[in-house]
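Novice: Structure for the following, please:
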Amino acid sequence: MQEIAKGQHIQELYLSIEKAKNGNKQEMENLIQNNNGLIWNIVKRFIGRGVETEDIYQIGCLGFIKAIKRFDTSLEVQLSTYAVPYILGEIKKFIRDNNLVRVSRSTKLLAVKIMQIQNEYIKKENRELSVTEIAEILNITKEEISFALEAIQPVTSIYEECSSGTEDERTILDKLTNNEDEATLITNKIVVRNLIEELNSREKQVILLRFYRNKTQAQVAKVLGITQVQVSRIERRILSEMKLKLTS
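Specialist: Coordinates of the predicted model:
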């Protein structure tokens, strides 16, 4: 009965995806709402990188929509698993393309003018003008001068190489994260979670107690009221099946 219900759910999902692909806005909105948790789980990884959280979320939704439009219902793959790389890709691209501060032309011209005045005064009087003095010359506020000069300072990109004199020249982003592929990590977590959901009650308890509560096989056997040999057999079989599904 459970398998029948699951099959019906998949068919309904595929029908919804096809409708969304064909331009049904309500179906697309429903799919986004139903996968909101997935999108936010990925968004949270990028909070604090100088971009508004809501903007990141909207870009994540854009990635999810792209995944829907390219999803092939004939493939035996979870929608969540398929969508992760698209969501990640869109967010990373957005942050990469927006990691430098965009300076207006008027601000750049003002900064150039300030530096010209400063250079000419240094040559003439052999000292620098103060911000207050420059403000009086140009008849603008000290804050405007400070902003203009700050705006043209070189910005270090998180994608810029960190030269350390060695052959290992990685970007700042590389040094802030680990070397594992983020999309693969998230995708694998989702796949494992889905595989656990497919287990029966006893099998779930074995996996959760062994790998999430760090219990020994003997401790699991005591909790479940079975022998350690039974726990070992269940564990080996489940891990073997999971490995097969992950690599297939």
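Novice: could you list every residue that touches residue 227?
Specialist: Residue 227 is in contact with residue 221, counting by C-beta atoms under 8 Å, 6 or more residues apart in numbering. Heads up, the C-betas are built off the backbone N, CA and C, glycines and all.
Novice: now it: how far from residue 205?
Specialist: For residue 227, the distance to residue 205 (C-beta to C-beta, to the nearest Å) stands at 15 Å.
Novice: Over to residue 18?
Specialist: Between residue 18 and residue 205 the distance, using C-beta to C-beta, works out to 38 Å.
Novice: and those two? which has more neighbours close in?
Specialist: Regarding residue 18 and residue 205, a neighbour count based on other C-beta atoms under 10 Å identifies residue 205 as having more, with 17 against 14.
Novice: my read: the more buried one touches residue 224, true?
Specialist: Yes: taking C-beta atoms under 8 Å as the definition, residue 205 is a contact partner of residue 224 at 6.1 Å.
Novice: packing partners for the one helix or strand residue 87 maps to?
Specialist: Per DSSP states H and E, residue 87 falls inside helix 79-97. Contact analysis of helix 79-97 by 3 or more C-beta pairs under 8 Å, 6 or more residues apart in numbering; DSSP states H and E lists helix 36-43, helix 53-70, helix 182-197 as its packing neighbours.
Novice: Pull out the CA atoms of the second one and give them to me as CSV.
Specialist: Spelled out, it's helix 53-70. Output of helix 53-70 as CSV, limited to C-alpha atoms (Å, rounded to 0.1, in the frame of the first residue of the first chain):
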residue,chain,number,x,y,z
THR,A,53,19.7,37.3,2.2
GLU,A,54,16.4,38.0,0.4
ASP,A,55,18.4,38.6,-2.9
ILE,A,56,20.2,35.3,-2.4
TYR,A,57,16.9,33.6,-1.9
GLN,A,58,15.4,35.1,-5.0
ILE,A,59,18.4,33.9,-7.0
GLY,A,60,18.1,30.5,-5.4
CYS,A,61,14.4,30.4,-6.6
LEU,A,62,15.6,31.3,-10.1
GLY,A,63,18.0,28.4,-10.0
PHE,A,64,15.2,26.1,-8.9
ILE,A,65,13.0,27.3,-11.8
LYS,A,66,15.8,26.5,-14.2
ALA,A,67,16.0,23.0,-12.8
ILE,A,68,12.2,22.6,-13.2
LYS,A,69,12.4,23.7,-16.8
ARG,A,70,15.2,21.2,-17.6
